[in-house]
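Trainee: below: sequence and its predicted model.
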Amino acid sequence: MTLRRTRIRILAGAAVLGSVSALVAPSSAAAGSHSERAQGGAVVSVEQAADLTAEEVAGELQGKIDTSQVRYGVTAYRVTYRTTDSSGTPTTASQLVVLPKNRARHLSTVSWLHGTTVYRKDVASENPESNDRLVALLFGSTGRAVSAPDYVGLGSGEGFHPYGDPRATVAASVDGLRATRTLAHRHGRELKRKVQVSGFSQGGPATMLVGRALQQEGADRYFGLGALAPVSGPYNLSAFEAAAADDKIAKSGIYLAYFVTAWNKMYGLYTTRATGGRTYRWRSSTAGATRTSTSVTRRTAPTG
C-alpha cells in the first residue's frame, strides 16, 4: 500500500472515529416526540414465513447448529411495524417473529440482534437460509417467543441502514418487542416482562445498547432486561476502526466503507467535489466540539 493511499484511508477512519461518541450517548436523547414514540411498535402487516414441526426445525438446523435443545415446532411471521430512524423521524421496519407451538400461554422472550448485513434482503425475515433465521428458529423451538429485528433500512423497512447508530438500533429493537407482544396477543398469548437479549458481531454492541435502554433508561413501560449475552462484537469501536483503516482486519474495507457512507448520511462527515483530480473534504464532529474540516486531494493520472 502506498503512503498516499494509507493517508487517505486513515483520514477516512478518522472521519468515522470523530463521531464514535454518538455510540456511547444515551440512546433516548433524540428518540422523537412523545407522540412519535407512542406509536412505536404498532403492527403494519403480518405474513406467515414458516410453519414447522419440531422435526422440521431440527432438519433446518442439522449440520449448522446443535439441535439437542429443540423441543417444539414453531410458526414464524414476517412483521412490519412502526419505529423511528436515526433522526427520530417515524418510519417502518421489519422483523422475524417466532412463536413456539406449545400450550404455554405466558412465554419467555428473546430479542436476537443480527450482525453486519450489507444486502437488505439477507436478513432473518427475508432469507430462509440466513444464520439469523436459524438462530431464531432454535430459540423458538425451546419454547420462547423470538423478536429478530432487521433494523432500520434492512429487510422491507424504509430508507437506508444507519449502521451502528444507537438511537435507530434501540428504537427498532424495542419497537420490535412491542410488535411481537401485539402479535402474541392476537394468538391468545402473553410475553413475560423480562427479555433475554443477545446478538452477534454488530449485534454484540447492539445487545448492550438495548440492554441498557431496557434496564436503565425505561425504554418501555412493560419490558425490562432479564439477561444479556453479547457475542463477538466490536466493543472498542475506535480501536476496531483504526485497525480496519490500517488493513489489519479481514474484510476491513467493507466495515469502514459501511460506517463512512452510512454516517455521512446521518452526520455529514464529508463533501466531495471534482477539480483536476478528486477532492475529499472530511469533517470530524463530536458532541460539544467545534466542527473542523481538512481537505485531501488525490491527483489521478490522465487517461487516453
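Mentor: Sure, I can see it.
Trainee: run through the helices of this protein in chain order.
Mentor: 3-17, 21-24, 34-38, 54-61, 131-141, 166-186, 203-215, 237-245, 252-267 (DSSP state H).
Trainee: V46 is nearest to which of those?
Mentor: Nearest of the helices of the chain to V46, taken as C-beta to C-beta: helix 166-186 at 6.3 Å. C-beta: built from backbone N, CA, C; applies to glycine.
Trainee: mind listing what's buried along that closest one?
Mentor: By 16 or more other C-beta atoms under 10 Å, the buried positions in helix 166-186 come out as 166-184.
Trainee: the inter-axis angle of it versus helix 252-267?
Mentor: Put simply, helix 166-186 runs at 90 degrees to helix 252-267, going by axes from the mean of the first three to the mean of the last three C-alpha atoms, to 10 degrees.
Trainee: what about helix 166-186, distance to the chain center?
Mentor: Distance, stretch centre to chain centre, for helix 166-186: 13 Å (C-alpha atoms, centre = their mean, to the nearest Å).
Trainee: mean pLDDT added to the helices of the chain, as a markdown table?
Mentor: Output for these, formatted as a markdown table (pLDDT from 0 to 100):
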| stretch | mean pLDDT |
| --- | --- |
| helix 3-17 | 43 |
| helix 21-24 | 42 |
| helix 34-38 | 45 |
| helix 54-61 | 98 |
| helix 131-141 | 98 |
| helix 166-186 | 98 |
| helix 203-215 | 97 |
| helix 237-245 | 82 |
| helix 252-267 | 88 |
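Trainee: now these in a markdown table, with distance to V110?
Mentor: Formatted as a markdown table, the helices of the chain follow (distance: least, C-beta to C-beta, whole Å):
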| stretch | distance to V110 |
| --- | --- |
| helix 3-17 | 31 |
| helix 21-24 | 24 |
| helix 34-38 | 23 |
| helix 54-61 | 15 |
| helix 131-141 | 5 |
| helix 166-186 | 10 |
| helix 203-215 | 11 |
| helix 237-245 | 25 |
| helix 252-267 | 26 |
